[in-house]
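Colleague: generate a structure from the sequence data that follows.
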Amino acid sequence: MAPQHQTSQKTYHTEATGTAALTALNHKNECDLKLFGSCFCPFVQRVWIALELKGIPYQYIEIDPYKKPQSLLEVNPRGLVPALRHGDWGCYESTVLMEYLEDLNAGTPLMPKDDAKLRAQSRLWADHINRHIVPNFYRVLQEQDQQQQISKAQELREGFTKLIDAAHPQGPFFLGPRISFVDIQVAPWILRLRRVLKPYRGWPDPEEGSRWATWVNAIESNEHVRTTTSTDELYLDSYERYAQNRPNTSQVANAINSGRGLP
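Modeller: Model prediction:
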């Protein structure tokens, strides 16, 4: 891997920027369905993309992860985002929340409605993303030893390769021409390859003309992904603490350092 990005110490952002800031502003008004999120958090972005794709009315509430309000703790006592409050009911965990939004049977479906096998396949590869891609992303970013960075980067590449091998051959998305559940599950980390892993760990751009490049380009250009994505600077600043593996960066970072599963 390339030498890590050298910067003065930065801090995480507490407000979205760019297009995502406009989306947050457009969803600031009181609504029965509330998304508690943090602008730099990829787990939040999963649920945010799903809400935008489905066109379900919602209120976006920005949370500083180090200053958790009581309204969030009432939904998730651990204070982690994303969390949803729907009327007097609340829930958390990004994959569960995406399943919940799908079960509302409102707006654009995230999975094929008439194909149980494809829905099962989607859940299988969503699980692959959660088990093998998400934790390996953080292992590459937090690892300080350069040889270990190379080894962990190879594991991350293998996780993406398996996903691409299982995808529709032409795509451009996982199941074909339209974005769906698996794409949204992995999209936030694909976005952060160029915005975070490239500057901090020398992650390479996709090879032009490859199936991988086709998928990355489709995700980058999707309108619902773009409306929930901040400027590059926000991610560069917010993830420096991971790249330097500062103590108590987050519960995710602590879990990776201890070898535990993600919180």
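Colleague: only C-alpha atoms for contact and neighbour calcs from this point on.
Modeller: Will do.
Colleague: can you show me the helices along the stretch 51-200 of the chain?
Modeller: Counting by DSSP state H, counting those that start in this stretch, the stretch 51-200 of the chain has these helices, from start to end: 70-75, 94-103, 116-128, 134-142, 146-166, 181-192, 198-201.
Colleague: reformat the ones you listed as CSV; add distance to Val44 and mean pLDDT.
Modeller: Below are the helices of the stretch 51-200 of the chain laid out as CSV (distance: least, Cα to Cα, whole Å; pLDDT from 0 to 100):
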stretch, distance to Val44, mean pLDDT
helix 70-75, 14, 96
helix 94-103, 7, 98
helix 116-128, 16, 97
helix 134-142, 13, 96
helix 146-166, 21, 96
helix 181-192, 9, 98
helix 198-201, 22, 97
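Colleague: just put those in a markdown table and tack on distance to Thr231 and mean neighbour count.
Modeller: Below are the helices of the stretch 51-200 of the chain laid out as a markdown table (distance: least, Cα to Cα, whole Å; neighbours: other Cα atoms under 10 Å):
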| stretch | distance to Thr231 | mean neighbour count |
| --- | --- | --- |
| helix 70-75 | 26 | 16 |
| helix 94-103 | 22 | 17 |
| helix 116-128 | 26 | 16 |
| helix 134-142 | 20 | 23 |
| helix 146-166 | 24 | 16 |
| helix 181-192 | 11 | 23 |
| helix 198-201 | 15 | 21 |
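Colleague: reformat these as CSV; add distance to Phe43.
Modeller: Putting the helices of the stretch 51-200 of the chain into CSV (distance: least, Cα to Cα, whole Å) gives the following:
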stretch, distance to Phe43
helix 70-75, 16
helix 94-103, 6
helix 116-128, 13
helix 134-142, 10
helix 146-166, 18
helix 181-192, 8
helix 198-201, 20
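Colleague: Ala253 is nearest to which of those?
Modeller: Taking Cα to Cα, helix 134-142 is the member of the helices of the stretch 51-200 of the chain nearest to Ala253, at 7.2 Å.
Colleague: what residues are up against Arg226?
Modeller: Arg226 sits next to Thr19, Ala20, Glu220 when contact means Cα atoms under 8 Å, 6 or more residues apart in numbering.
Colleague: of the residues you listed, buried ones?
Modeller: Among these, those buried by neighbour count (16 or more other Cα atoms under 10 Å) are Ala20, Glu220.
Colleague: out of the contacts of Arg226, which are inside strands?
Modeller: With strands defined by DSSP state E, no entry of the contacts of Arg226 lies inside them.
Colleague: ok, and what's touching stretch 62-73?
Modeller: Counting by Cα under 8 Å, 6+ apart, Thr14, Glu15, Phe36, Gly37, Ser38, Cys39, Gly79, Leu80, Val81, Ala83 sit against stretch 62-73.
Colleague: any idea how many residues pack against the last one?
Modeller: The number of residues packed near Ala83 is 24, by other Cα atoms under 10 Å.
Colleague: got it, and the third one?
Modeller: By the criterion of other Cα under 10 Å, Phe36 has 23 neighbours.
Colleague: start the count at 19 instead of 1 going forward.
Modeller: Noted, 19 is the first residue going forward, which turns the last one into Phe54.
Colleague: that one sits in which helix or strand?
Modeller: Secondary structure assigned from DSSP states H and E places Phe54 in strand 51-55.
Colleague: which one of the helices of the stretch 69-218 of the chain lies closest to Ile274?
Modeller: Each of the helices of the stretch 69-218 of the chain has some distance to Ile274 by Cα to Cα; the shortest is helix 152-160, at 6.6 Å.
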